[in-house]
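>>> Need coordinates for the below:
(2 chains, ligands or ions: 1)
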Amino acid sequence: MSTSVAIEQTLKQYVAREILDGKDIGLDADTPLLEWGVFNSLEIARLLGFVREHFGVVVPLESVTAEHFKDLRALTALVASLKG
Amino acid sequence: MSNVDFDIGIIGGGPAGTATASYLARAGLKCVIFERELFPRPHVGESLVPAATRVFKEIGFLDTLEKAGFPKKYGAAWTSADRAPVYAMQFEGLSADCHVDIRFEEREQAGVDRNYTFHVDRAKFDLMLLQHAHQLGAEVYEGVRVRGVDLSDPTQPAVHFKLGQQDIRTRVRMVIDASGRHTLLGNQLKLKVLDPVFNQYALHTWFEGYDRTRLSHGRGQPEYIFIHFLPLTNTWVWQIPITETVTSIGVVTQKANFAKSRQDREQFFWECLQSRPELYEGLRAAQQVTPLKEEGDYSYAMREICGDGFALVGDAARFVDPIFSSGVSIALNSGRLISHDILAAAEHGDFRHDRFRTFETLMRRGTRNWYHFINLYYRLNVLFTAFVQDPRHRIDVLKLLQGDMYDEDEPAVLTEMRRIVREVERNDQHIWHKYLGSLTSSAFSEVF
Ligand SMILES: Cc1cc2nc3c(=O)[nH]c(=O)nc-3n(C[C@H](O)[C@H](O)[C@H](O)COP(=O)(O)OP(=O)(O)OC[C@H]3O[C@@H](n4cnc5c(N)ncnc54)[C@H](O)[C@@H]3O)c2cc1C
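Residues are numbered from 1 along each chain as shown, chains lettered A, B, ... in the order given. Down below sits the predicted model:
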């Protein structure tokens, strides 16, 4: 499994478990998380904490933009790039 | 000293006045407190922060307080429910609330030896403090409203009041204005500047039988203070335990929101609460036991907080906003700081402005930090919550929440918060851009 696939998998599990409370909404890499309001402002803060603990990378708060958080694909790319 | 009636004349018997009187009386100065009301009297400001403990200990009040049976406060929690409507529609039945909390015990605090503080019924609490000051030797006149202070000879100010038809002047060596938001000296000396940014308004009351664990996301915490954000700009609700079964609830909003609504207070209060249905239903199921009370126009500063022969403490010196429940603690600590300077001044028999520089510097620094913290909080709520959840910042934020803000010129955590707020303001693609509160960044300019 490539690193990005693993990252995406982990993020997906987090979102499904912590944010969607286990509900199946057919979440995939392109589900428009922001547009649908899955991420509210506080959830983003919690997600950053998860990313920090799990992947050991700090997402600079200035990178919390729509471009990077619109869906799991974008988020995965961001985390992968920070992991370098 | 023969030509004065007392060393120190204190106007107001709230926490600021009684803390000052306690420190000074126990050190042997002759103090008098003038209080316009007859205690006990109700008062807003029911939840303390741990920085208050230091003062209670130093004035020997902590044991009395411990025995009074007020609910212990171990921490604070914030909840919000700001799902986008699309989400709410598509995924009905998901728990919508978010929850963030802190416990005081996470950080050691100088001068504070316990991991909790208290929520208090101010009628009882203020009376206990007034009696304490009295036991330490301060003279107390209740039901006496001070009309003004004659400072024409600042080495011998005279406090002015009426007893029946009689005009009385009490001569002292120094006057402490602890008159709270009445700001007696601030008005008389025209020192008061209304805050250009904050114009908040609060409606509050007590409920019997409200289930305080309702919005706690399964964590219980019935003895925490809860701050529930409402999905309206700069609007939130406090939930403060008063007894086992009585809870104080207050809605705080921009005054403009209330003015716009054209509703009466009762309607407005309930309509605000309706935006958090769980809270609303919980309160509807409980019983409101006191009439709604309103507070407004409470954000201001003073151009000077001391001068020859006088000093202002507590709300009489400044109030910003109740968001971090710090008012009583600031009032008590301003009493602590001024007393220190007064005792030194008394030794030299000199009560001129220069003697109060330490008080002045520390208070200004503390309130400036405080003011910035509150501003940043209102400008971008979510940043506060993000910082609380970030181990790199959590303890620094907690320090401010505990009420420790006098010892640094500007805590690094505030500088960092401000940097990010600027970035979010600049970048409209930032996810938090739309959460920016309506306060503008000019809010960061100094008031004094
Ligand atoms: C909406 C709201 C919510 C708040 N919530 C909190 C909270 O949760 N926790 C917290 O710590 N703080 C809170 N505060 C702040 C808190 O109420 C004050 O900071 C605190 O009471 C200040 O104490 P003080 O002694 O300076 O003034 P006060 O407690 O107001 O005491 C002043 C006293 O002076 C007397 N007085 C006034 N004029 C005269 C006169 N001319 N002659 C003689 N006596 C006079 C008054 O009768 C009064 O007893 C809140 C404030 C507001 C507006």
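>>> for B:Val328, what are its contacts?
B:15, B:45, B:48, B:52 (CB atoms under 8 Å, 6 or more residues apart in numbering or on different chains). Any C-beta I mention is one placed from the backbone N, CA and C, and that applies to glycine too.
>>> Quick check: of these, which has the highest neighbour count?
Using other CB atoms under 10 Å in any protein chain shown as the contact criterion, the top neighbour count among the contacts of B:Val328 goes to B:Pro15, which has 33 neighbours.
>>> Need the pLDDT of it.
Here, the pLDDT recorded for B:Pro15 equals 98.
>>> From the ligand, how far off is the residue nearest to it when sequence neighbours are not counted?
For B:Pro15, the nearest residue in space outside its immediate sequence neighbours is B:Ala331; the separation is 4.3 Å by CB to CB, 6 or more residues apart in numbering or on different chains. Using CB to the nearest ligand atom, to the nearest Å, one gets 4 Å for the distance from B:Ala331 to the ligand.
>>> just to revisit the earlier point, so which of the contacts of B:Val328 are in helices?
When the contacts of B:Val328 are checked against helices using DSSP state H, the ones located there are B:15, B:52.
>>> which of the contacts of B:Val328 sit farthest apart?
Spatially, the most separated pair among the contacts of B:Val328 is B:Gly45 and B:Ala52, at 11.3 Å (CB to CB).
>>> hmm, back to that, I'd like the contacts of B:Val328 as a markdown table, with distance to the ligand appended.
As requested, the contacts of B:Val328 are exported to a markdown table (distance: CB to the nearest ligand atom, whole Å):
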| residue | distance to the ligand |
| --- | --- |
| B:Pro15 | 4 |
| B:Gly45 | 2 |
| B:Leu48 | 6 |
| B:Ala52 | 8 |
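>>> Next, format the contacts of B:Val328 as JSON lines and append distance to A:Glu62.
Putting these into JSON lines (distance: CB to CB, whole Å) gives the following:
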{"residue": "B:Pro15", "distance to A:Glu62": "42"}
{"residue": "B:Gly45", "distance to A:Glu62": "37"}
{"residue": "B:Leu48", "distance to A:Glu62": "36"}
{"residue": "B:Ala52", "distance to A:Glu62": "37"}
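>>> what's the closest of the contacts of B:Val328 to A:Gly22?
Closest to A:Gly22 out of the contacts of B:Val328 is B:Leu48 (39.6 Å), distances taken as CB to CB.
>>> so the closest residue to chain B within chain A, which of the three states?
Relative to chain B, the nearest point of chain A is A:Gly37 (2.4 Å; CB to the nearest CB). Following DSSP: H, G, I helix; E, B strand; the rest coil, A:Gly37 is assigned to coil.
>>> what residue ranges in the chain score low on pLDDT?
Defaulting to chain A. Applying pLDDT under 70 to the predicted model, the residue ranges of chain A that meet it are A:1, A:41.
>>> oops, I was thinking of chain B
Regions of chain B meeting the criterion pLDDT under 70 cover residues B:1-2, B:82-98, B:439-448.
>>> ok, which residues in it are in contact with the ligand?
B:11-17, B:34-37, B:43-48, B:145-146, B:178-182, B:184, B:202, B:250, B:295, B:298, B:314-316, B:319, B:322, B:325-329, B:331 (CB under 6 Å from any ligand atom).
>>> residue boundaries of the helices in the chain?
Because you didn't say which chain, this covers chain A. Assignment of helices within chain A using DSSP H yields the ranges A:3-14, A:41-55, A:66-69, A:72-83.
>>> right idea, wrong chain: chain B
Along chain B, the segments classed as helices by DSSP H run B:15-26, B:51-58, B:62-67, B:85-90, B:122-135, B:184-188, B:255-261, B:265-274, B:277-285, B:327-348, B:357-379, B:381-389, B:394-401, B:412-426.
>>> Which neighbouring elements make contact with the last one?
Using 3 or more CB pairs under 8 Å, 6 or more residues apart in numbering or on different chains; DSSP states H and E as the contact criterion, the elements in contact with helix B:412-426 are helix B:357-379, helix B:381-389, helix B:394-401.
>>> most neighbours per residue, which of those helices?
When neighbours are counted by mean count of other CB atoms under 10 Å in any protein chain shown, the highest per-stretch mean among those falls to helix B:381-389, a mean of 22.
>>> now for it, which elements pack on it?
Helix B:381-389 sits against helix A:41-55, strand B:75-80, strand B:98-103, helix B:357-379, helix B:394-401, helix B:412-426, with contacts defined as 3+ CB pairs under 8 Å, 6+ apart.
>>> thinking again about what came up before, nearest to B:Gln135, of the helices of chain A?
That would be helix A:41-55 among the helices of chain A, by CB to CB, at 47.7 Å.
>>> Please identify the buried residues of that closest one?
Neighbour-count burial for helix A:41-55, with 16 or more other CB atoms under 10 Å in any protein chain shown as criterion, is recorded at A:41-48, A:51-52, A:55.
>>> Stretch B:236-250 too?
Applying a neighbour-count criterion of 16+ other CB under 10 Å, the buried positions in stretch B:236-250 are B:236-242, B:246-250.
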